[in-house]
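Chemist: Give me a model of this one.
(chains A and B)
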Number of protein chains: 2
Amino acid sequence: MGVVISLDEGKQRDASVKPLVENTKADMERVNQLILSKAGSDVAMIPEVANHLISSGGKRLRPMLTLASATMFGYRGEAHVKLATSVEFMHTATLLHDDVVDESDLRRGRSTARMIWGNQASVLVGDFLLGQAFKMMVEVGSLEALDVLSTAASVIAEGEVLQLSVAKNMETTEDDYLSVIRAKTAALFSAACEVGPIVAGVSKAERNALRSYGMNLGLAFQLIDDVLDYGGSAKDLGKNVGDDFREGKITLPVVLAYRRGSESERAFWRDAIESGQTDDAALEKAMGLITKHGSLKDTTARAEHYASIARDALAPLPDSAEKSALLEVIAFCLDRAS
Amino acid sequence: MGVVISLDEGKQRDASVKPLVENTKADMERVNQLILSKAGSDVAMIPEVANHLISSGGKRLRPMLTLASATMFGYRGEAHVKLATSVEFMHTATLLHDDVVDESDLRRGRSTARMIWGNQASVLVGDFLLGQAFKMMVEVGSLEALDVLSTAASVIAEGEVLQLSVAKNMETTEDDYLSVIRAKTAALFSAACEVGPIVAGVSKAERNALRSYGMNLGLAFQLIDDVLDYGGSAKDLGKNVGDDFREGKITLPVVLAYRRGSESERAFWRDAIESGQTDDAALEKAMGLITKHGSLKDTTARAEHYASIARDALAPLPDSAEKSALLEVIAFCLDRAS
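Modeler: Numbers count the residues shown, from 1 in each chain, chains lettered A, B, ... in the order given. Okay, the predicted model is just below:
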């Protein structure tokens, strides 16, 4: 899953997400309270594990998207706060399960829950948060919102299984990879944005616009995340350069470098990704090949393509502070790579 | 989770579940079709893993309970088939995650999914089935049924985490243990029964009756399951005598033997359950202590207590084929231990 970026990362990125943060500030306080209360349980291990992840300093981009997508249509009720919290819980549950699936030791520079409390607690607390997310959605009582979010839950899990199937297979095409990230990352961005207009009770056209915005923003977000893994720094991202490589993860920079490479270069990639030869020397060579073939530049160009679609999706909507904030967030997702 | 019993186990047990099987036969065919279709996916690993577990010969007691709980009130629509399938998917998802949490190698005498496809696939296919379950519930469109089942999902996960916390702690009281099985087993039985009267649109009194029946049936079912683990045979149960012991699981027979034992017996239990000394000699000694203190007999008596509550819960309802079948199933759950 995409890594959530913390606020203190740099002036430019900060500037482009600031309007959304400011716009959703009051509602996000209520989201944060609801997160703490719904992650509570008499079973002490549940808040311990949940708070470990929740307090890890993520920006909570997804719930902010839900809030702005509702208030931009004049919504003034309570439902968007519960749905935004549900979205964040779905995301947190996915992270907990992902760390088990990926056997990760670190997330955002801190030990993962599974390293501290074991795989067992990570699986089960994830299940608990997912259950709490559904309960909150049911409280809201919108069958349309429930439909969008439960479909997203299935699609995300399906995407994660698909990722397992393509894992360590260097014949993965760009389209295969797009199917994976569309499901595992972009589907939740899309659902987070679509439930806003649903609770606001506006027309199908607005719903479609927000859904399309979210989907394409999510694709751009994930592609830039992939770029950062070969070009960011651990301080910025909370993970180390080359983590994806060391885990044998296939991302677009790798897909492009492999397909554009010579026979001997392709043999190198197979040894690395399929056979696990991913030491520091191999990482250095991988970075060289990725640079040689312009993979990061072109992955960024692909991200810009989806960013443009996201921008145009919002274009027909009337001007508002929220619309401006959502347009700025597109720049935020792209600027992370600069 | 409780092990689902296959049909070919013995005449007496067979006789007491037969009325429910007969009564729900036509609807169960539609449930089975829906199971196959909703466990389908273009991602080939999903139906592979799901069908492995689905085809393992469980009796599907839970979906039969949902079906009978709806038709006993004259319900003739389609919703109960979808809800019954959702209940079975929730159960299957729990089994997949349980096998990861328990690090189990065998379930019902076959290799677990995690042994064949790995922990990763078990976690993610479980998530997918849970997502599909929620999608089907949303299709049914009853917010009351959604409330009952999403609450059950949270409670089940909470119960599993609670079980982790009490695991290997010999100071666990009978009440602690009851809290665990109420959440991890009985809550789903209860929800499976409660959604029947909900879709049938009958009164709160009938809903309460079926919820109480399901909860107490589930407690009796799990307690007998615990007894069988120290007294059944692998052929009957699809697991070996002493599996719970070898895994260091605390169940009621162990709680009772420990609390009734001498100081030296309690030291033995701590060495076994808390420190993992559970070889064959230890199992033999444990069986001896359990017999000495009448733990199996008294656990069965506790099960009969809950069975009585389940019976009385249904008593005020008008006579029907379904009511008789549900009453017979109580005997089925108890007879397994005889």
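Chemist: Which residues of chain A lie near chain B?
Modeler: A:41, A:43-46, A:97, A:100-101, A:119-121, A:123-125, A:127-128, A:130-132, A:134-135, A:137-138, A:141, A:143, A:146-147, A:150-151, A:153-158, A:160-162, A:164-165 (CB under 8 Å from any CB of the partner chain). Where you see a C-beta, it was placed from the backbone N, CA and C, and this is true even at glycine.
Chemist: Could I get the full set of strands for chain A?
Modeler: A:106-107, A:110-111 (DSSP state E).
Chemist: hey, least reliable of these by pLDDT?
Modeler: In terms of average pLDDT, strand A:106-107 trails the rest of the strands of chain A, at a mean of 70.
Chemist: thinking again about what came up before, write the PyMOL selection for whichever of the residues of chain A next to chain B are buried.
Modeler: Applied in PyMOL, the following selects the buried portion of those according to 16 or more other CB atoms under 10 Å in any protein chain shown:
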select buried, chain A and resi 41+43+45+46+97+100+101+119+120+121+123+124+125+127+128+130+131+132+134+135+137+138+143+146+147+150+151+153+154+155+156+157+158+160+161+162+164+165
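Chemist: Okay, and which of the residues of chain A next to chain B map to helices?
Modeler: A:45-46, A:97, A:100-101, A:119-121, A:123-125, A:127-128, A:130-132, A:134-135, A:137-138, A:143, A:146-147, A:150-151, A:153-158, A:160-162, A:164-165 (DSSP state H).
Chemist: tell me how far stretch A:261-270 is from the chain's mean position?
Modeler: 30 Å (CA atoms, centre = their mean, to the nearest Å).
Chemist: now that stretch: mean pLDDT?
Modeler: 97.
Chemist: Likewise for stretch A:195-211?
Modeler: Here the average pLDDT along stretch A:195-211 is 97.
Chemist: CA atoms only: put that stretch into PDB for me.
Modeler: Provided in PDB are the C-alpha atoms of stretch A:195-211 (Å, rounded to 0.1, in the frame of the first residue of the first chain):
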ATOM      1  CA  VAL A 195     -19.100   8.400  -0.600                       C
ATOM      2  CA  GLY A 196     -18.900  12.200  -0.100                       C
ATOM      3  CA  PRO A 197     -21.400  13.100  -2.900                       C
ATOM      4  CA  ILE A 198     -23.500  10.100  -1.900                       C
ATOM      5  CA  VAL A 199     -24.200  11.300   1.600                       C
ATOM      6  CA  ALA A 200     -24.500  14.900   0.300                       C
ATOM      7  CA  GLY A 201     -27.300  13.500  -1.900                       C
ATOM      8  CA  VAL A 202     -26.200  15.100  -5.100                       C
ATOM      9  CA  SER A 203     -26.600  13.700  -8.700                       C
ATOM     10  CA  LYS A 204     -25.000  10.800 -10.400                       C
ATOM     11  CA  ALA A 205     -22.800  13.100 -12.400                       C
ATOM     12  CA  GLU A 206     -21.100  14.500  -9.400                       C
ATOM     13  CA  ARG A 207     -20.700  11.000  -7.900                       C
ATOM     14  CA  ASN A 208     -19.000   9.900 -11.100                       C
ATOM     15  CA  ALA A 209     -16.700  12.900 -11.100                       C
ATOM     16  CA  LEU A 210     -15.500  12.300  -7.600                       C
ATOM     17  CA  ARG A 211     -15.100   8.600  -8.200                       C
END
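Chemist: can you pull the buried residues of it?
Modeler: For stretch A:195-211, by 16+ other CB under 10 Å, it's A:195-200, A:202, A:206-207, A:209-211.
Chemist: Enumerate every residue touching A:Ala313.
Modeler: A:209-210, A:212-213, A:216 (CB atoms under 8 Å, 6 or more residues apart in numbering or on different chains).
Chemist: from those, which is closest to chain B?
Modeler: Chain B has its nearest neighbour among the contacts of A:Ala313 in A:Leu210, at 19.7 Å by CB to the nearest CB.
Chemist: List phi and psi for the closest residue to chain B within the stretch 201-338 of chain A.
Modeler: Residue of the stretch 201-338 of chain A nearest chain B, by CB to the nearest CB: A:Glu247 (12.3 Å). Main-chain torsions, A:Glu247, degrees, to the nearest 10: phi -80, psi 0.
Chemist: I'd guessed it sits against A:Asp102; true?
Modeler: Yes - with contact defined as CB atoms under 8 Å, A:Glu247 counts as touching A:Asp102 (6.2 Å).
Chemist: who has more neighbours, those two?
Modeler: A count of neighbours by other CB atoms under 10 Å in any protein chain shown puts A:Asp102 above the other of A:Glu247 and A:Asp102, at 19 against 16.
Chemist: Retrieve the pLDDT associated with that one.
Modeler: So, for A:Asp102, pLDDT stands at 78.
Chemist: quick one, what contacts it?
Modeler: Shown in contact with A:Asp102 (CB under 8 Å, 6+ apart): A:Glu247.
Chemist: any idea how far it is from A:Asn119?
Modeler: 11 Å (CB to CB, to the nearest Å).
Chemist: now chain A, which segments are flagged as low pLDDT?
Modeler: A:1-13, A:57, A:107-108, A:232-239, A:337-338 (pLDDT under 70).
Chemist: if you skip the residues just before and after it, what's nearest to whichever residue of the stretch 151-300 of chain A sits closest to chain B?
Modeler: Closest to chain B within the stretch 151-300 of chain A is A:Ser154: 3.2 Å, counting by CB to the nearest CB. Excluding the flanking residues, the one nearest A:Ser154 by CB to CB, 6 or more residues apart in numbering or on different chains is B:Gly131, at 3.2 Å.
Chemist: and what of A:Lys135?
Modeler: Using CB to CB, 6+ apart, the nearest residue to A:Lys135 is B:Ser150, at 4.7 Å.
Chemist: so who does that neighbour touch?
Modeler: Contacts of B:Ser150 by CB under 8 Å, 6+ apart are A:131, A:134-135, A:137-138, B:134, B:137.
Chemist: for A:Lys168, same thing?
Modeler: Applying CB under 8 Å, 6+ apart, the residues near A:Lys168 are A:248, A:250, A:273-274.
Chemist: How about the backbone phi and psi for it?
Modeler: According to degrees, to the nearest 10, A:Lys168 has phi 60, psi 20.
Chemist: how near is it to B:Thr66?
Modeler: The value you get for A:Lys168 to B:Thr66, if CB to CB is used, is 41 Å.
Chemist: And A:Ser41, by the same measure?
Modeler: From A:Ser41 to B:Thr66 the distance is 27 Å (CB to CB).
Chemist: residue ranges for the helices of the stretch 151-300 of chain A, please.
Modeler: A:174-181, A:187-200, A:204-229, A:234-237, A:243-246, A:252-260, A:263-269, A:280-292, A:295-314 (DSSP state H, counting those that start in this stretch).
Chemist: taking these together, which one is wrapped up most tightly?
Modeler: Comparing the helices of the stretch 151-300 of chain A by mean neighbour count (mean count of other CB atoms under 10 Å in any protein chain shown), helix A:187-200 ranks first with a mean of 28.
Chemist: could you give the angle of it to helix A:174-181?
Modeler: Relative orientation of helix A:187-200 versus helix A:174-181 (axes from the mean of the first three to the mean of the last three CA atoms, to 10 degrees): 50 degrees.
Chemist: Can you name every helix or strand that helix A:187-200 contacts?
Modeler: Packing partners of helix A:187-200 (3 or more CB pairs under 8 Å, 6 or more residues apart in numbering or on different chains; DSSP states H and E): helix A:61-71, helix A:79-102, helix A:143-166, helix A:204-229.
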